[in-house]
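Peer 1: have a look at this fold, sequence not included:
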Ligand code: AFP
């Protein structure tokens, strides 16, 4: 019994009424939602289906694939390839784009996704998610890899599913960010958090501090000040969270504010950035902006980045707007050379203050 509540199917028809290509986008998003329901069921079985653990293969970025990375990728392909809205798909788990098989009608949209983000958490029964983004193929020709290299500002829709205690689908079509909860009895996604608006102000930050020695000075400065709390320049105490699952992290921030950072500076010098632009940073940036937040590399709005490669990685700083603005300012000050720590000339030479005289 839905008690008059809005289902995803009804919401999509109402949001897209009168838009060009309305029926195709509604059908495509319903297919994505069906894939999400299947993935939700798969991950909820835990070890019962024998699907946990590594597969022993590597994905396009050289990361060891979990069995569920590959299985969930197949679920997304299988649910979305047949119904005529898409002309191609690309995912974290495939080195090159997937053309829609010839036996199916070809559409005008491109679907880009990470089928199981945070999958290193799956074996310990922590929250994971699926992230997706929909683009329009700019020409009538069959899409090439180049067709996917569109700035995030061109996304027609973006969203994620969070597989936590409840399965939630968070979606934007460019008119706000809306959150649906899966009713497992009826099988419907029900609109539970319409038009999310995140607070501009926050006292909660999320970053993997084990990478601190690799951070650029503006990020190190910000985190140092958060840790100084009420006794530092922030003038208030901060709290820290790190789940190592971007979907869960972004969901917390959408719900109660906060800031998430995966900035430049990884343990691997050859891969200084961690998160992927097309299927992690761009969809999350659109959702955050549509809820009143901001998303940046520190020096550039995420949604304005012209992609150069399908699996391109970028620094990501997103969340409550006041804090994101502060970090952008720290980057600007650093780049202009005006945030250098003050060093007293008294300490430069042998002096009264040195211990070795
Ligand atoms: P996996 O999908 O390989 O688990 O990576 C998850 C992720 O891309 C993102 O969801 C997390 O924010 C981030 O990596 C966690 O990175 P750390 O392992 O450095 O904490």
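Peer 2: Nice, thanks for sending it over. These numbers were taken from a predicted model, which means no experiment stands behind them.
Peer 1: am I right that residue 10 is in a helix?
Peer 2: Yes: counting by DSSP: H, G, I helix; E, B strand; the rest coil, residue 10 is located in a helix.
Peer 1: quick one: pLDDT of it?
Peer 2: Per-residue pLDDT puts residue 10 at 95.
Peer 1: ok, now how distant is it from the ligand?
Peer 2: 31 Å (Cβ to the nearest ligand atom, to the nearest Å). Every residue, glycine included, has its C-beta placed from N, CA and C.
Peer 1: with residue 275 instead?
Peer 2: 6 Å.
Peer 1: contacting residues for that residue?
Peer 2: Contacts for residue 275 (Cβ atoms under 8 Å, 6 or more residues apart in numbering) come out as 246, 262, 281, 313, 314, 316.
Peer 1: and residue 87, what is it in contact with?
Peer 2: Residue 87 touches 99, 100, 106, 107, 108, 109, 110, 137, 142, 143, counting by Cβ under 8 Å, 6+ apart.
Peer 1: just the contacts of residue 275 now: which is nearest the ligand?
Peer 2: Among these, residue 246 lies closest to the ligand (Cβ to the nearest ligand atom), at 3.3 Å.
Peer 1: related to what we said a few turns ago, and the ligand, which of the contacts of residue 275 reach it?
Peer 2: 246, 262 (Cβ under 6 Å from any ligand atom).
Peer 1: ok, and the most crowded of the contacts of residue 275?
Peer 2: Neighbour counts for the contacts of residue 275 (other Cβ atoms under 10 Å) peak at residue 281, which has 28 neighbours.
Peer 1: would you check that it makes contact with residue 311?
Peer 2: No: using Cβ atoms under 8 Å, residue 281 is not in contact with residue 311; the gap is 11.9 Å.
Peer 1: what count of nearby residues applies to residue 98?
Peer 2: Neighbour count for residue 98, taken as other Cβ under 10 Å: 18.
Peer 1: again but with residue 272, I slipped
Peer 2: By the measure other Cβ under 10 Å, the count of residues near residue 272 is 15.
Peer 1: backbone phi and psi for it, please?
Peer 2: Per-residue torsions, residue 272: phi -70, psi -20 (degrees, to the nearest 10).
Peer 1: confidence score at it?
Peer 2: On pLDDT, residue 272 comes in at 84.
Peer 1: ok, it - contacts?
Peer 2: Counted by Cβ under 8 Å, 6+ apart, residue 272 has contacts 214, 264, 265, 266.
Peer 1: give me that answer again for 10 Å
Peer 2: Contact analysis of residue 272 by Cβ atoms under 10 Å, 6 or more residues apart in numbering lists 214, 216, 263, 264, 265, 266, 313, 315.
Peer 1: what is the burial count for the closest residue to the fourth one other than its chain neighbours?
Peer 2: Nearest in space to residue 264, with sequence neighbours left out and distances taken as Cβ to Cβ, 6 or more residues apart in numbering, is residue 315 at 4.3 Å. Residues near residue 315, counting by other Cβ under 10 Å, number 25.
Peer 1: same check on residue 273?
Peer 2: 18.
Peer 1: hmm, it is touching residue 297, no?
Peer 2: Yes: between residue 273 and residue 297 there is a contact at 8.7 Å, judged by Cβ atoms under 10 Å.
Peer 1: residues shared between the contacts of those two?
Peer 2: Counting by Cβ under 10 Å, 6+ apart, the residues touching both residue 273 and residue 297 are 263, 264, 281, 314, 315, 316.
Peer 1: would you list these in CSV and tack on secondary structure and distance to residue 46?
Peer 2: Shown next, in CSV, are the shared contacts of residue 273 and residue 297 (DSSP: H, G, I helix; E, B strand; the rest coil; distance: Cβ to Cβ, whole Å):
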residue, secondary structure, distance to residue 46
263, coil, 33
264, coil, 36
281, helix, 30
314, strand, 33
315, coil, 34
316, strand, 30
